[in-house]
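Student: Got a sequence here, can you build the structure:
(one chain, ligands or ions: 1)
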Amino acid sequence: MKAIILSENGGTDKLVLKEVNKPVIAPNEVLIKTKALSINPVDGFVRKNEVYTKKKLMPQPGEEMILGWDVAGTVVETGTEVTDFETGDEVFGMVKFPGHAKGYAEYVAAPADHLALKPSNISYREAAAATLAALTAWQGLVTYAKIQPGDKVLIHAAAGGVGHYAIQIAKHFGAYVIGTGSAASKDFILSQGADEFIDYNREKFEDRVKDANIVLDSIYGDHILRSINAVKHGGRLVSLLAFFESEIAEKAKAKELLTYRIAVESNGDDMKEIAKLLANGELKSYVSDVYSFEDIPKAQDKVDGGKTRGKIVIEL
Ligand SMILES: NC(=O)c1ccc[n+]([C@@H]2O[C@H](COP(=O)([O-])OP(=O)(O)OC[C@H]3O[C@@H](n4cnc5c(N)ncnc54)[C@H](OP(=O)(O)O)[C@@H]3O)[C@@H](O)[C@H]2O)c1
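Tutor: A predicted model of the protein is given here:
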């Protein structure tokens, strides 16, 4: 089968199209014939990061490193212990994250409990999009922050992959949503359901918002310190990047915040909740660009640029 292997850590020139063996499934896995994949900022991070590839992907001697976790496709084989899926099912999920899922391939071996059935009303590209990014938004707002109706929720990078799902999920739970982005993203962020928009180039978000029940922060640097100012005393602060240590921890403690530095995890039950919202139209994937399998390096370059609107998807 065709796969895009990572020949060594580095730039997107290290992503190389190669013929490799089809994966052999374990008893708890299904074999998916891939129809669509999606790309995340973490793909580029891992591509450059030797420590990550050694510790988390742990390629065995002679084994090719293959990035990618977000898969949608058709089940062509089921392991002996699999009861939830059968051959011919259309499925999607974030597979084996943060391990070696080998998603950039024509066939992917996926644990059945990382998957959900693809709703019939959405395309494979929309399904592949709603995996790592949608799960992060779900786990951040629902599993950790325990979002409630009427919560005021500030979502940073609201035009991006995680952000556009986070707006829609927060609205599903009856929250009041404020999204941050550049001026060019204003209409898009409001179209996703946000009640207010803040242009980060023109206004300090913490000058406008000081009483959020929940802030979802996904921006590097001292941004998290500024986000602490936007949460009300005793509120919830979810970080996708910063760790709550030293000055950040002290400041959060002084406001008695509940703080969560989350790392998204593969979870079929959460995928099924996302599938329900996709099926009833409350959650929609916005796919801004679609690339061919051979153009995965170009797709990674685009995501590395940090200006993605919604999601970038690969179609096979
Ligand atoms: N810990 C975890 O488990 C986890 C999971 C998923 C993602 N992440 C991390 O979270 C971050 C976001 O992920 P993603 O997939 O949503 O990324 P993404 O799709 O690449 O996000 C791009 C968006 O970020 C916006 N943006 C850039 N700088 C901004 C700023 N200062 N304020 C507000 N918006 C800004 C851009 O909007 P404009 O074009 O309008 O500037 C763009 O729409 C990434 O760093 C990713 O690695 C972590």
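
Student: max-length strand in this protein?
Tutor: Counting residues, the longest strand found in the chain (DSSP state E) is strand 29-39.

Student: Tell me the helices and strands packed up against that strand.
Tutor: When contacts are defined as 3 or more C-beta pairs under 8 Å, 6 or more residues apart in numbering; DSSP states H and E, strand 29-39 packs onto strand 70-78, strand 107-111, helix 124-129, helix 296-304, strand 311-315. The way it works is simple: take the backbone N, C-alpha and C, and place the C-beta from them, glycine included.

Student: hey, which of the ones you listed is tucked in deepest?
Tutor: helix 124-129 (a mean of 26; mean count of other C-beta atoms under 10 Å).

Student: Spell out which parts of the stretch 51-200 of the chain neighbour the ligand.
Tutor: 133, 136, 156-157, 159-163, 180-182, 184-185, 200 (C-beta under 6 Å from any ligand atom).

Student: Next, the contact list for the residue of the chain found nearest the ligand, please.
Tutor: Here the chain gets closest to the ligand at one residue, residue 160, 2.4 Å apart by C-beta to the nearest ligand atom. Shown in contact with residue 160 (C-beta atoms under 8 Å, 6 or more residues apart in numbering): 133, 218, 308, 309, 310.

Student: between these, which is nearest residue 189?
Tutor: The closest of the contacts of residue 160 to residue 189 turns out to be residue 309 (C-beta to C-beta; 9.7 Å).

Student: which residues does that closest one contact?
Tutor: Applying C-beta under 8 Å, 6+ apart, we find residue 309 in contact with 159, 160, 164, 185, 188, 286, 288.

Student: Just confirm it is within a strand.
Tutor: No: Residue 309 sits outside any strand when classified using DSSP: H, G, I helix; E, B strand; the rest coil, being coil.

Student: Got phi/psi on it?
Tutor: phi -100, psi 120 (degrees, to the nearest 10).

Student: Compute the distance between it and residue 184, please.
Tutor: Residue 309 is 9 Å from residue 184, where distance means C-beta to C-beta, to the nearest Å.

Student: Residue 117 too?
Tutor: Distance, residue 117 to residue 184, using C-beta to C-beta: 36 Å.

Student: Those two: who's more crowded?
Tutor: Of the pair residue 117 and residue 184, residue 117 is the one with more neighbours under other C-beta atoms under 10 Å, namely 18 against 12.

Student: which residues does the more buried one contact?
Tutor: By C-beta under 8 Å, 6+ apart, the residues touching residue 117 are 85, 89, 90, 91, 275.

Student: okay, now the domains of this protein?
Tutor: 2-130+285-315, 133-261 (automatic domain parsing).

Student: Same list, the ones you listed, but as JSON lines with mean pLDDT and distance to residue 267 please.
Tutor: Below are these laid out as JSON lines (pLDDT from 0 to 100; distance: least, C-beta to C-beta, whole Å):
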{"stretch": "domain 2-130+285-315", "mean pLDDT": "98", "distance to residue 267": "7"}
{"stretch": "domain 133-261", "mean pLDDT": "98", "distance to residue 267": "7"}
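
Student: so which of those gets nearest residue 271?
Tutor: Between those, domain 2-130+285-315 lies closest to residue 271; by C-beta to C-beta that is 3.8 Å.

Student: for that closest one, the distance to its chain's centre please.
Tutor: Chain-centre distance of domain 2-130+285-315: 12 Å, with C-alpha atoms, centre = their mean, to the nearest Å.

Student: What's the end-to-end length of it?
Tutor: Terminal residues of domain 2-130+285-315 lie 13 Å apart, using C-alpha to C-alpha, to the nearest Å.

Student: The nearest residue to residue 136 once chain neighbours are set aside: what's it in contact with?
Tutor: Computed as C-beta to C-beta, 6 or more residues apart in numbering, the closest residue to residue 136 that is not its neighbour in sequence is residue 264, at 4.4 Å. By C-beta under 8 Å, 6+ apart, the contact set of residue 264 is 94, 97, 132, 135, 136, 139.

Student: what does residue 146 give?
Tutor: residue 236.

Student: And it, how close does it get to residue 24?
Tutor: Distance of residue 146 to residue 24, computed by C-beta to C-beta: 40 Å.
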